[in-house]
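Participant: one predicted model, sequence on top.
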There are 2 protein chains.
Amino acid sequence: MCQSDQTPNDAESPAPCADEAIDTHRYRIVVAYDGSQFHGWQKQEPPDNPPLRTVQGVLNMALMKLLRQPVNLVGASRTDAGVHALGQVAQFDAATSIPLERLQHAITSRLPTDIEVRHVEIAPPYFQAIGDAVSKQYRYRFHNIQERPLTLRHTVYHCDYPLNVEAMNDAAGRLIGEHDFAGFSAASHGRQTTVRTIHDCHVLRDGQQVHVVVAGSGFLYNMVRIIAGTLLDAGRGRCQPTRIDEILATADRRLAGPTLPPEGLCLEWIRYQ
Amino acid sequence: MCQSDQTPNDAESPAPCADEAIDTHRYRIVVAYDGSQFHGWQKQEPPDNPPLRTVQGVLNMALMKLLRQPVNLVGASRTDAGVHALGQVAQFDAATSIPLERLQHAITSRLPTDIEVRHVEIAPPYFQAIGDAVSKQYRYRFHNIQERPLTLRHTVYHCDYPLNVEAMNDAAGRLIGEHDFAGFSAASHGRQTTVRTIHDCHVLRDGQQVHVVVAGSGFLYNMVRIIAGTLLDAGRGRCQPTRIDEILATADRRLAGPTLPPEGLCLEWIRYQ
């Protein structure tokens, strides 16, 4: 759209806003957010009701207002309500005269304080945020002291009993590799195959917190929260680390731990080839 | 109150709930809270409207339900809406057969997740949470990197410009001692004297944050938030550290920095003789 109220710096220069002069590009952006006040990533527009506040919805609206054109934002991971992200990746196509180096700030300045664009680049036109991802890393945070987390309560899961990090790490290591993770998935996963590859899974103590870090090719619905719940059981001595082998062998969801609440979970990064 | 539906363990033992058998004690409790979702400490019951959600209101109600008697909770510091506390101190009088060592957990288990009782003890009957306090410490947190604080946004003030901690410390040190702090107070302080003693004031860098730590005999309304705003000005080079001396000498509020927002502020502890 031509901005007729724009004052050109140089009247002799070619018109900067002729439609045909601006190429359409596919943009790849990295997005961080506090998921507490969002109904997840995915746009939700229930019939006869106002749309729910989602990251995709808020970000898509900000992009359309900034770029003054329809935008179809596609995110790599459909994080659930309450789940946070440091490195969600999304794509959209747009034709804009805003210089690339100004886009990150221009978008973020139109966003509420619980969401931020951390990086913007022009991707190849065939880039697919979902399909081209080769690995993702999540972190689940336990608040592991008796005192309540209070100001941290939207970003951790509180367990005030002692955790055996060594046993948790023993269990975590057994998840690494290519396995059928059906036993670590909600029944409604809706995927054709439940085979995934975990590249890394380890547990560490960080001051008053214990973190489960897991990176893999992709994750089934609720998979990280069920893995965290099973490692928690191992850390409390409710099961042996070898329980992981049994779950992988039998694909029996009932052998795994509970699906932990979303607030402890954060999507840290997504890697592409 | 006698609990007539209670089943005594030993019918031969003296009645455990006779009114005259339970002494009234003055209790001193230490309270921690995330102030984000509270309209401050002080009970607020606007006429013709439902009471606002305050820390005192929520805690007083939990105490009355647990102890089944009227309770008049008095807090040492009337923290503002959005201000947090790790070590608020409060007093109340009650007669209860609940053992002292069980009270902390019994109260906290009746509280929402953004508030917690951290300590309970029986104080002398003449103990005054407000009048007997000899010093208090507050901390104001700056989030000092370009990225937004996101999950930390309710507990920090975001300033993305470089801060000169050395200059801030030079300014902070000039506040230590007994001074008239009228220049660091909101006009509506409502106190007879504006003379206070600051025992300690220093600034430190803690990773991505910069903290202003200030301890003193007492604080005027908004005093810590104005001190933090003035030290921020010194850290940005908007004023020299000697500006502190001018404000103390003239008591001129206009020479001091802005009143920073409440979310960066936390009441850390209150000491008694």
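Facilitator: Thanks, I have it.
Participant: going forward, measure contacts and count neighbours with C-alpha atoms only.
Facilitator: Fine.
Participant: just give the nearest non-adjacent residue to A:Pro258, would you?
Facilitator: A:Gly229 (5.0 Å; CA to CA, 6 or more residues apart in numbering or on different chains).
Participant: which strands and helices lie in contact with the helix or strand harbouring the one you found?
Facilitator: Taking DSSP states H and E as the criterion, A:Gly229 maps to helix A:223-236. Here helix A:223-236 touches strand A:133-143, helix A:165-173, going by 3 or more CA pairs under 8 Å, 6 or more residues apart in numbering or on different chains; DSSP states H and E.
Participant: quick one: low-confidence parts of the stretch 51-200 of chain A?
Facilitator: Within the stretch 51-200 of chain A, the ranges that satisfy pLDDT under 70 run A:188-191.
Participant: need the residues of it near chain B, please.
Facilitator: Taking CA under 8 Å from any CA of the partner chain as the contact definition, the stretch 51-200 of chain A meets chain B at A:113-116, A:118, A:147-148, A:150-155.
Participant: need the max-distance pair from those.
Facilitator: With CA to CA as the measure, no two of those lie farther apart than A:Arg118 and A:Glu147, at 33.4 Å.
Participant: between the two, which is the more surrounded one?
Facilitator: Set side by side, A:Arg118 and A:Glu147 show more neighbours around A:Arg118, with 19 against 15, by other CA atoms under 10 Å in any protein chain shown.
Participant: ok, and what's touching the helix holding A:Gly229?
Facilitator: Helix A:223-236 is contacted from outside by A:138, A:140, A:161-168, A:171-172, A:181, A:184-186, A:212, A:214, A:239-241, A:256-262, A:265, using CA atoms under 8 Å, 6 or more residues apart in numbering or on different chains.
Participant: same thing but at 6 Å, please
Facilitator: By CA atoms under 6 Å, 6 or more residues apart in numbering or on different chains, the residues outside helix A:223-236 that reach it are A:163-164, A:167-168, A:184-185, A:239-241, A:256-260.
Participant: over to stretch A:209-219?
Facilitator: For stretch A:209-219, contacts defined as CA under 6 Å, 6+ apart pick out A:134-144, A:197-204.
Participant: just the buried ones among these, please.
Facilitator: Among the contacts of stretch A:209-219, the ones that count as buried by 16 or more other CA atoms under 10 Å in any protein chain shown are A:135-144, A:197-199, A:201-203.
Participant: identify each buried residue in the host helix or strand of A:Lys65, please.
Facilitator: Assigned by DSSP H and E, A:Lys65 falls within helix A:55-67. Within helix A:55-67, the residues that count as buried by 16+ other CA under 10 Å are A:Val55, A:Gln56, A:Gly57, A:Val58, A:Leu59, A:Asn60, A:Met61, A:Ala62, A:Leu63, A:Met64, A:Leu67.
Participant: how near is the residue nearest to the last one when sequence neighbours are not counted to A:Thr24?
Facilitator: Okay, so that is A:Leu67. The shortest distance from A:Leu67 to any non-neighbouring residue, by CA to CA, 6+ apart, is to A:Thr96 (6.5 Å). As judged by CA to CA, to the nearest Å, A:Thr96 and A:Thr24 stand 7 Å apart.
Participant: so for those two, which sits in the more crowded spot?
Facilitator: A:Thr96 (20 against 12).
Participant: ok, the residue nearest to A:Val89 when sequence neighbours are not counted - contacts?
Facilitator: Of all residues not flanking A:Val89 in the chain, A:Val30 sits nearest, at 4.6 Å (CA to CA, 6+ apart). Residues counted as contacts of A:Val30 (CA under 6 Å, 6+ apart) are A:Gly87, A:Gln88, A:Val89, A:Val117, A:Arg118, A:His119.
Participant: isn't there a helix covering A:Leu248?
Facilitator: Yes. Judged by DSSP: H, G, I helix; E, B strand; the rest coil, A:Leu248 forms part of a helix.
Participant: per-residue pLDDT, it?
Facilitator: pLDDT for A:Leu248: 97.
Participant: number of residues surrounding A:Pro241?
Facilitator: 23.
Participant: quick one: pLDDT of it?
Facilitator: 98.
Participant: ditto for A:Ile22
Facilitator: A:Ile22 is assigned a pLDDT of 88 by the prediction.
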